[in-house]
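Engineer: need coordinates for the following:
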Amino acid sequence: MNSRIEPSEFDMNLFSSQTESMTQLLNQFLNTLDLETEAIKKNLTQQLIDASSHKSDLANQIEEKNQTLNSMLEKSNVTLDSLPDSSIFNTLPTEIQNNTLALIKLIQNCHDKNLANGMSIQMLSNINQHALDLMSGKPKDDAKLYSSSGEKTRSGYQSSLGKA
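Structural biologist: Below is the predicted model of the structure:
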């Protein structure tokens, strides 16, 4: 018994509708990531919090759409990433093919920008934690600093700057 759906049984209208909806959500997500990037660059804490909250809401909606798309594609034993290499893809109208390729590219762009933002936030967090450790006199064995002459030195126990 073959459970594979033939290309003629693939619901192009539903697939097209789902990819259009996913594209709209991903464009909103990308715009939110751009706002988050600006908030990180300009140190706008409230804007960063708002963007993160909106990003989380959009991520939940995207996940729901993704599950719907995946369940559709599973019937044909393909994933969104593998669809362009499948026999079904060649049977789709050119517009749907182009929209699918654009969707895959948009997903990758969102992933890359989200990863870059996450790395920026983590780096700033590490810098802030190190600065707090230095100000509080907390010893940090693995910190490498530069002396006034530009040579690498290890941070040792520093006395506290005092308490306010």
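
Engineer: which residues are contacting stretch 52-64?
Structural biologist: 22, 25-26, 28-29, 32-33, 36, 114 (CB atoms under 8 Å, 6 or more residues apart in numbering). No exception for glycine: its C-beta is placed from N, CA and C like everyone else's.

Engineer: wait, which of these is closest to Ser147?
Structural biologist: Relative to Ser147, the closest of the contacts of stretch 52-64 is Glu36; by CB to CB it sits at 36.4 Å.

Engineer: for that closest one, the count of nearby residues, please.
Structural biologist: A count of nearby residues for Glu36, using other CB atoms under 10 Å, gives 25.

Engineer: got the contact list for the residue nearest the centre of the chain?
Structural biologist: Taking CA atoms, centre = their mean as the criterion, Asn114 is the residue nearest the geometric centre of the chain, at 3.1 Å. When contacts are counted by CB under 8 Å, 6+ apart, Asn114 touches 33, 55.

Engineer: am I right that Glu20 sits in a helix?
Structural biologist: Yes. The assignment for Glu20 by DSSP: H, G, I helix; E, B strand; the rest coil puts it in a helix.

Engineer: so Tyr146 bridges to which residues?
Structural biologist: Following DSSP bridges, Tyr146 is listed with bridge partners Lys152.

Engineer: near it, how many other residues are there?
Structural biologist: 9.

Engineer: ranges for the strands of the protein?
Structural biologist: Remark: strands assigned in the chain by DSSP state E are 144-146, 152-154.

Engineer: what number of residues lie near Ser76?
Structural biologist: There are 20 residues near Ser76, going by other CB under 10 Å.

Engineer: my guess is it meets Met12, correct?
Structural biologist: No. Applying CB atoms under 8 Å as the test, Ser76 and Met12 come out as separate, 11.7 Å apart.

Engineer: which of the contacts of stretch 52-64 sit farthest apart?
Structural biologist: Maximum pairwise distance among these (CB to CB): 20.3 Å, between Met22 and Glu36.

Engineer: many thanks, we can stop here.
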